[in-house]
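Asks: sequence-free structure coming up:
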């Protein structure tokens, strides 16, 4: 994953761009009928069940829109919530609250959905030594939010983007002319560019695992679309020489059997690309 400083920068960019997109030259609905000096209070009302996520992000949005807005947090990120729970109150300029409302809700509803789905995988894998990873199958422009939500849900982040880790997948291997060639070229490239990046290599069968194991410096082998039996054999072959990761259409139902094969990680794009937003509202009080 990227550094904390880079992550914070990504969050700031998301907030700035989202406000630009939503507010433009002004919230004319509020400007038209609410006096500039008017103040008010609103609550974040939960209308669903799941894992709450995005409270800290909401705080950053309110602070960006109007540093004078005050939040009273009742339920923290990562908490399980139910219908009619109140997560927080926000108080201050009525115009400012309304300006921030949609960004806060859009982000929190999606983040909460991702955290909720992630938590179901974490719970399913409880008692094993296998972690659940996200992927790059995220919504363009808000990847940092979605990966943040995975962490809040108890999952772990895979690489953030193309620049913070090497991942040699099937197309890289085929275009390069084979696994060993792809790995050797990659290691030469990293040395030439003086880059310190971990290398993950995808294997499509046990023979490719044998080839990978003949090379040094591999951080993790990705077992793509392996059966349970193939996965068990692969873990035995690798024998702790590097990390192992199962991927390829793994569902909540199949996750634990793969974990019981002994892999270190399971990665699932579904954590971020197949979720149903949690129902939340910001209501004046």
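Replies: The structure has been received and is ready for your questions. In this text, all values refer to a predicted model and were calculated from it rather than measured experimentally.

Asks: As a check, name the ranges of all strands in the stretch 101-250 of the chain.
Replies: Taking DSSP state E, counting those that start in this stretch to define them, one finds strands in the stretch 101-250 of the chain at 131-133, 166-168, 199-203, 220-224, 243-247.

Asks: quick check: angle from whichever strand or helix holds residue 253 to strand 220-224?
Replies: Per DSSP states H and E, residue 253 falls inside helix 252-259. Following axes from the mean of the first three to the mean of the last three CA atoms, to 10 degrees, one obtains 130 degrees for the angle between helix 252-259 and strand 220-224.

Asks: number of nearby residues for residue 98?
Replies: Residues contacting residue 98 under the criterion other CB atoms under 10 Å number 19. Glycine gets a C-beta too; all of them are placed from N, C-alpha and C.

Asks: err, residue 21, not the other one
Replies: Neighbour number of residue 21 under other CB under 10 Å is 10.

Asks: From the chain's centroid, how far away is the helix holding residue 253?
Replies: Distance of helix 252-259 from its chain centroid, counting by CA atoms, centre = their mean, to the nearest Å, is 20 Å.

Asks: next SSE after that helix?
Replies: Heading C-terminal from helix 252-259 (DSSP H and E), you reach strand 265-267.

Asks: May I have the strands that pair with that next one, each with its orientation?
Replies: Looking at strand 265-267 with DSSP bridges, its partner strands are strand 131-133 (parallel), strand 243-247 (parallel).

Asks: Contacts for the shortest one, please.
Replies: Contacts of strand 131-133 with the rest of the structure, by CB atoms under 8 Å, 6 or more residues apart in numbering, involve 118, 121-122, 125, 154-158, 245, 255, 264-268, 271.

Asks: Quick one, grab the pLDDT at the nearest residue to residue 59 once chain neighbours are set aside.
Replies: Distances taken as CB to CB, 6 or more residues apart in numbering place residue 71 nearest to residue 59, at 5.5 Å, with adjacent residues excluded. With respect to pLDDT, residue 71 scores 98.

Asks: Also residue 151?
Replies: pLDDT, residue 151: 98.

Asks: Just give the closest residue to it, not the sequence neighbours.
Replies: residue 157 (6.3 Å).

Asks: how deep is the closest residue to residue 162 other than its chain neighbours tucked in, by neighbour count?
Replies: Of all residues not flanking residue 162 in the chain, residue 136 sits nearest, at 7.9 Å (CB to CB, 6+ apart). Here the number of neighbours of residue 136 (other CB under 10 Å) works out to 14.

Asks: ok, residue 136 - contacts?
Replies: 143, 158-159, 161-162.

Asks: let's see 10 Å
Replies: Going by CB atoms under 10 Å, 6 or more residues apart in numbering, residue 136 touches 143, 147, 158-162, 167, 269, 272.

Asks: Kindly report the same for residue 83.
Replies: Residue 83 is in contact with 45-49, 279, counting by CB under 10 Å, 6+ apart.

Asks: Okay, and it sits in which element?
Replies: Per DSSP H and E, there is no helix or strand for residue 83.

Asks: For it, grab phi and psi.
Replies: phi -60, psi 140 (degrees, to the nearest 10).

Asks: Can you give me the pLDDT of it?
Replies: Taking residue 83 on its own, its pLDDT is 98.
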